[in-house]
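S.K.: Make a model of this:
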Amino acid sequence: MRRVVVPPEVSAPSTAAGGAVHHLHGQTMGTTWSVKLAAHAQHPLSALQQGIQRVLDNVVAEMSTWEPDSDLSRFNRAAASSWVSLPPDCFRVLEYALRVARDSEGAYDPSAGALVDLWGFGPVRHYMDPDFNVPSAAQLAQARERTGWQRVAIDPTSHRALQPGGVSLDL
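M.R.: The predicted model follows:
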């Protein structure tokens, strides 16, 4: 992920020395974001707000399961046994997610997208939908067959990930 670096001229002055607390905010991922910072009272912060929004928009464009055109959604739809090129930030997050899955012995599994969807927390349907039903044992078993972080291979040199077939990543 990119880190937003605050320029030195926006450094936090004390409010007693002409500074003020500013509130930046926007929308992302179906919710809102908010940043409060101390800066000179007259300092223009629109570039910083736009920069934060741009970084968050990039996360959505690369890693959202709710956006059909995201890089992650493209991986999830890819044909079995195909290698999918990912942008550097998305690849780095996937690489780290697979490391956490390994280190947690699968307690965290980024390939659980089919289960996330089945339980109504993904883009397919929502658990708040009045027609939502608790998944049956057969549905759960079928979704579990599509999971398995160990099945996802990565190539760090070319920032590619192997879609083994039917795996749905949800980071």
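S.K.: what ranges do the strands span in this structure?
M.R.: In the chain, the strands defined using DSSP state E lie at 19-28, 31-40, 82-85, 154-155, 160-163.
S.K.: measure stretch 117-134 end to end?
M.R.: Stretch 117-134 stretches 12 Å from its first residue to its last (CA to CA, to the nearest Å).
S.K.: which residue is nearest the middle of the chain?
M.R.: If you average the C-alpha coordinates of the chain and look for the closest C-alpha using CA atoms, centre = their mean, you land on residue 63, 4.4 Å from that point.
S.K.: Now do residue 93 against residue 47, distance only.
M.R.: 26 Å (CB to CB, to the nearest Å). Quick note: C-beta positions are derived from backbone N, CA and C, even for glycine.
S.K.: One more: residue 25?
M.R.: Applying CB to CB, one obtains 15 Å for the distance of residue 25 from residue 47.
S.K.: Count the neighbours of the nearest residue to residue 87 once chain neighbours are set aside for me.
M.R.: Of all residues beyond its chain neighbours, the one nearest residue 87 is residue 62 (5.4 Å), with distances taken as CB to CB, 6 or more residues apart in numbering. Residue neighbour count, defined by other CB atoms under 10 Å, stands at 23 for residue 62.
S.K.: So for stretch 27-42, mean pLDDT?
M.R.: Averaging the model's pLDDT scores along stretch 27-42 yields 86.
S.K.: Tell me where the model's unsure across the protein.
M.R.: Within the chain, the stretches with pLDDT under 70 are 1-18.
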